[in-house]
Structures are given as C-alpha cells and as structure tokens.
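Q: model the following, please.
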Amino acid sequence: MVKVITYGTYDFLHYGHIRLLERAKALGDYLIVGVTADDFDKTRGKINVQQSLEERVSAIQETGIADKVIIEEYEGQKIDDIRRFGVDIFTVGSDWAGYFDYLNEFCKVVYLPRTEGVSSSEIRVEKSFLRLGMVGYAPFLRKFYNESKFVNAVDVVGLCVPEEGILNDLESEMFYTTSYEELLSRVDAVYIHAHPSKHFDLNMKALEARKHVLCESPLAMNLEDCNTLLRYAKENRLILMDATRTAYITAYSRMLLLLKSGKIGKVVSVDATCTSLNSPEKVESNRLWGSLEAWGPTTMLPVFQILGTEYKSKTIFSIKEGEYDSFTKIDFTYPNATATIKVGTGVKSEGELIVSGTKGYIYVPAPWWKTDYFEIRYENLANNKRYFYQVDGEGIRYELVALASAISNNTPDYYISRNISLTIAKVLEEYKGNQ
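A: Got it, this is the predicted structure:
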C-alpha cells in the first residue's frame, strides 16, 4: 500500500483545495491530511485564518477524500509523521516548489499544480471584508494602521481626529476627517483610542449607528455606563470588544491555561506592574492621561482573569501631580489570595508579572504585557520550564482577526469576559470617587 501525506490550513475549504486533495489521493492508496493548528499557523505568520481548527478538520473529513486526518502542531513534525506513518510520498502545492526538497531523504516529494483562480485569501476577503475606521489622536494609531495591513479580513479605510493636522501623514492612504459622524457613515466598525473619559460617548454613538466597536479598555469610566454599552450591543447583535492587546497574545493565553491546569498549585498571589517615564499623551482639551487610566486596565486583566472579580476589599495608594496620578498601587484582597497592581507614568519599575502558587510560580519578564516568553519555576530548579511563543505586532494583528471573526460569525467569543470589563470600570469609578 502506497501512503501519501499532505498538509494545509484549509481555511474556507474550496474547489481548489478539493482538487489538490483528489490529486494527492491519486498518487497512492492511502491519504493522510495534516491540518495546521491555530497556534502553529500563528508561528508561521498566518494570522488571517477565520475558521476554527475544529471547523477546518470537519470540512476535510466531510469530503471523504482523506483516509486519516491529523493535526500539525510544531516545526519539524512532517519528518516525525513521515516516519511514524510509514509515508511513501509527501505532496503539496507547486507554490511551495523546492521548499520541501529536504524531505526527499525520507520519502518521495511531489509538487502538484494549484487550481488557478481560486484563493483562500480572496475568499476570506469576500466573506468577511471589514471596513474599519480609526478614532483618536495618538501616535499609536500609526502603529495600529501598519499592523492592520497584515490582516486580510480587515481594511482600515478612514481616520477621525479631533482637529486638523493630527496624523495627517496618513491622509493619502485613507479618508481623513474631523467628523465622527462622517467616519461612521463610511465604515462597518471602528477602533477607538481616545482619552478614557471620551470612550462612553464614542462607543455609544458607534453602536447607535449600528457599527461594531473595538475600543481600548476601559469601555467606560463607570459601571453604569459600561453596563449600558454592553447591554445595548447585545440587544442589537453588535460586537463590542476590549482592545487590551495582551489578552490576544498566544504566550499570555497559554499561561492562563497552564494556571488552570494546576501547574503551580493553588494561586495565592498575582503581582503586575506597568510603568513608563514617557510624558503622558495630551488630548484635544489639553487633558493628560493619569497612570491608572493609561495602564490600569492592562494590569487588572491578569488579576481578574486568574483570581476572578469577586475580591473582598481593595486598598489604593496614589501619588498625584495636580489632577492626575503619576503613580498608583492597588492591593486587592480575596478570601484566599491577594493581588497587587502598580502603574506609573512618572515612576519607573520592573514591568514584570509574577503569579505565586502553592507548588511553584510563574515569572513573566518585562514587558510582560507583550510577552513571547514565560517561565514556570519550582523549588527544585531541575523542574523549571520555559515557554516560547512567537508574537507579531504586539497582539494588534490577533485582536483584529478576533474582531473580524466575531463579526463574520456573529458570535461574541470574547477573550475578555464582560464581567471583567464591568469590574475594570467599577474600579476606575471608585478611584475617581475617592480622589
């Protein structure tokens, strides 16, 4: 029996895929199809995949062409699979011609012509093309725009700024306006990066215009407003997502899964720090960002995702310069755990994340909020383990893919729970009320 193996992502399985599989099957008697896992696709820079691994595997199985379907999860797996399954022929599309010649040492390599005129990328754009507008004033929008170019499903078409001349070097690449209403009339969704005090109004206007929203956290500065936004979005089948990029980074999400599996025992402490000596950004009303407004939502994210939002009490220490805090430290007390966040725009500290448990602890080095690496450390150093996951674009690309997927499938599969969004707004409201 001649065994043949091939691999692919198979996002939105189409006629070209099927023809390639049929020709692969014709090379032998038994066809093994490897479907690349989501995380492995990310490490290869393929972040535009819209369908889940389960959907893609199911689509292959339903064709009836494959005799066996496996998951490709790591670099070098092809050699392992060829040896393990006793494969005689490895085949792939001709656009990879020459790339897999090294496999000739283990089996015969055949490159098959692709079906012309059919492309998964084109199908993804056709199915879920999203016209996105940017709202704000910050230089960060330039980085956001540049990273958006890596995501086929999203096209940033417009920019709304509070006054003429801000970020006008992007004007030639998209339409440029100071009118929020004009932007909303020409897009399907908006990305908001403005002063947190403006988030509620900007979010509400977008939702009322029936536009989806990706907004930097917090969604609003108080609990009632945040709840109003989330309820309105749900009732009108609109997507409203926090744009805290950390939540979408593979290393961070894998760390959370390992914690849930009990790798360090019971978690008793979470400590997160984010500081910067850069001058706070100014908005059109000449207001500055406080350190808790700028960094608070990011540092609270791991606390609430790991320990939950039902803390018993909190203690706040803050250093203020006029109306705004240059440094704030908050201690959260839970029934059987504690957490500390430290944020600063005028104070510098090590920007690390440490999660302490009864068996060991997790250490995420600075800057932990855009990490591609973390360690699990134990009393016995021989048991320590390091985890590496490639990250591209500081998580911006991944959150855009998540937004496009949520809108396309009309399924609010949020990386940040609604309860966490509400609790972040509640903490900020109580902080402001106590000042």
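Q: roughly how far does the spatially closest residue to K25 that is not a sequence neighbour sit from M255?
A: Excluding its sequence neighbours, the residue lying closest to K25 (C-beta to C-beta, 6 or more residues apart in numbering) is L31, at 4.4 Å. Backbone N, C-alpha and C define where each C-beta goes, glycine included. As judged by C-beta to C-beta, to the nearest Å, L31 and M255 stand 37 Å apart.
Q: quick revisit: and what about the residue nearest to K25, helix, strand or coil?
A: strand (DSSP: H, G, I helix; E, B strand; the rest coil).
Q: can you pull the contacts of it?
A: 4-6, 21, 24-25, 65-68 (C-beta atoms under 8 Å, 6 or more residues apart in numbering).
Q: with K25 instead?
A: Neighbours of K25 in contact, by C-beta under 8 Å, 6+ apart: 4, 31, 65-66.
Q: hmm, back to that, just the buried ones from the contacts of L31?
A: 4-6, 21, 24-25, 65-66 (16 or more other C-beta atoms under 10 Å).
Q: and the residues you listed, which is closest to Y248?
A: T6 (30.3 Å; C-beta to C-beta).
Q: part of a strand, is that closest one?
A: Yes: with three-state DSSP as the criterion, T6 is assigned to a strand.
Q: okay, and the beta partners of it?
A: Bridge pairing for T6 (DSSP bridges) gives the partners V33.
Q: pretty sure it sits against G34.
A: Yes: here T6 reaches G34: they are 7.0 Å apart, a contact under C-beta atoms under 8 Å.
Q: quick revisit: just the closest of the contacts of K25 to Q51, please.
A: A66 (16.8 Å).
Q: so which residues of the stretch 151-300 of the chain form strands?
A: All strands of the stretch 151-300 of the chain, identified by DSSP state E, counting those that start in this stretch, fall at 154-160, 175-177, 189-193, 212-215, 240-242, 267-275.
Q: output those in CSV, with mean pLDDT and mean neighbour count appended to each entry.
A: Putting those into CSV (pLDDT from 0 to 100; neighbours: other C-beta atoms under 10 Å) gives the following:
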stretch, mean pLDDT, mean neighbour count
strand 154-160, 90, 22
strand 175-177, 89, 16
strand 189-193, 96, 23
strand 212-215, 96, 25
strand 240-242, 94, 25
strand 267-275, 96, 21
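Q: who wins for proximity to L183 among these?
A: Nearest of those (C-beta to C-beta): strand 154-160, 4.1 Å.
Q: those helices in the stretch 51-200 of the chain, which residues are they?
A: 53-63, 77-85, 120-128, 140-148, 180-185, 199-208 (DSSP state H, counting those that start in this stretch).
Q: for the first one, buried residues please.
A: Under the neighbour-count criterion of 16+ other C-beta under 10 Å, helix 53-63 has 53, 56-57, 59-60 buried.
Q: how close does the residue nearest the centre of the chain sit to P218?
A: What sits nearest the mean C-alpha location of the chain, by C-alpha atoms, centre = their mean, is Y248, with 2.3 Å. Between Y248 and P218 the computed distance is 17 Å (C-beta to C-beta).
Q: one more: V343?
A: 13 Å.
Q: with neighbour numbers in mind, choose between those two.
A: V343 (30 against 26; other C-beta atoms under 10 Å).
Q: am I right that the more buried one is in contact with I319?
A: No: contact criterion C-beta under 8 Å: V343 and I319 do not qualify, at 11.0 Å.
Q: what do those two both touch?
A: 327-328.
Q: now do the shared contacts for V343 and P218.
A: Joint contacts of V343 and P218 (C-beta under 8 Å, 6+ apart) are G296.
Q: can you pull up the bridge partners for the closest residue to L141 other than its chain neighbours?
A: Leaving aside its sequence neighbours, L141 sits nearest to M134 (C-beta to C-beta, 6+ apart; 5.1 Å). Judged by DSSP bridges, the bridge partners of M134 are L159, Y191.
Q: count of neighbours near M134?
A: 27.
Q: relative to I249, how far out is it?
A: Taking C-beta to C-beta, one finds M134 at 21 Å from I249.
Q: ok, now K348?
A: K348 is 23 Å from I249, by C-beta to C-beta.
Q: and if you look at S172?
A: 32 Å.
Q: which one's more surrounded, those two?
A: Using other C-beta under 10 Å as the criterion, S172 and I249 rank with I249 on top: 24 against 7.
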